[in-house]
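[1] build me a model:
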Amino acid sequence: MGRLKPLIGSVFNIGFLPNAPGTWGSLFALIPIYFIGVFLPPYAMLLFAILCTVLTLWVAEDCEKTWGGDPSPLVMDEFAGQSMAFVWIPFQTNFSYNIVLIMIGFFFFRFFDIKKPLGVDRLQNISGGLGIVVDDLLAGLYAFICLKIIVILIQYTGLTF
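    Next comes the predicted model:
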């Protein structure tokens, strides 16, 4: 288990990509998010968010021992938060629409995760794995609310891509 947990926490070393590991983690999370959104029932995204949250909690202690407190290589929490932005967001068969949806959700999540407004910053102060993941989940929830409003406006206006 010694090396397995850091490997999972870094999502197979994505967390070691240069400069902004959280952004890289969020970006790579879009790959399974796209396929889940397009090919699986709506509740599957929630299950994916829960799975990523549980994995983050499971690996957090070992990752902190290996890399220090709230370590930047640990990006499984980004997978949890980024997927939270897409829970119950309907994907379509239109590829262009789905790509625009993914990009908007990505930018909203990164905004809330980086700026940490509306209490997100306070949650990061919780110790251990819970503190590592809960701020990302709240950032994902805020991104979900913004994305849901955009989706409703798109449906209301009849805008197509």
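[2] contact partners for L137?
    With contact taken as Cβ atoms under 8 Å, 6 or more residues apart in numbering, L137 is in contact with 49, 53, 80-81, 84. Heads up, the C-betas are built off the backbone N, CA and C, glycines and all.
[3] how about it, secondary structure?
    What DSSP: H, G, I helix; E, B strand; the rest coil gives for L137 is helix.
[4] how near is it to N13?
    23 Å (Cβ to Cβ, to the nearest Å).
[5] re the thing from before, turn the contacts of L137 into a markdown table, columns for distance to Q92, secondary structure and neighbour count.
    Shown next, in a markdown table, are the contacts of L137 (distance: Cβ to Cβ, whole Å; DSSP: H, G, I helix; E, B strand; the rest coil; neighbours: other Cβ atoms under 10 Å):
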| residue | distance to Q92 | secondary structure | neighbour count |
| --- | --- | --- | --- |
| A49 | 21 | helix | 23 |
| T53 | 27 | helix | 23 |
| A80 | 25 | helix | 27 |
| G81 | 24 | helix | 33 |
| M84 | 20 | helix | 26 |
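[6] I'd say I126 and D136 touch.
    No. Judged on Cβ atoms under 8 Å, I126 makes no contact with D136 at a distance of 12.0 Å.
[7] okay, those two: which has more neighbours?
    Ranked by neighbour count (other Cβ atoms under 10 Å), I126 and D136 place D136 first, with 31 against 13.
[8] just the pLDDT for the more buried one.
    Note for D136: predicted pLDDT of 94.
[9] ok, the nearest residue to it once chain neighbours are set aside - contacts?
    Nearest residue to D136 in three dimensions, chain neighbours excluded: G81, at 2.9 Å (Cβ to Cβ, 6 or more residues apart in numbering). Counting by Cβ under 8 Å, 6+ apart, G81 touches 26, 109, 113, 133, 135-137, 139-140, 143.
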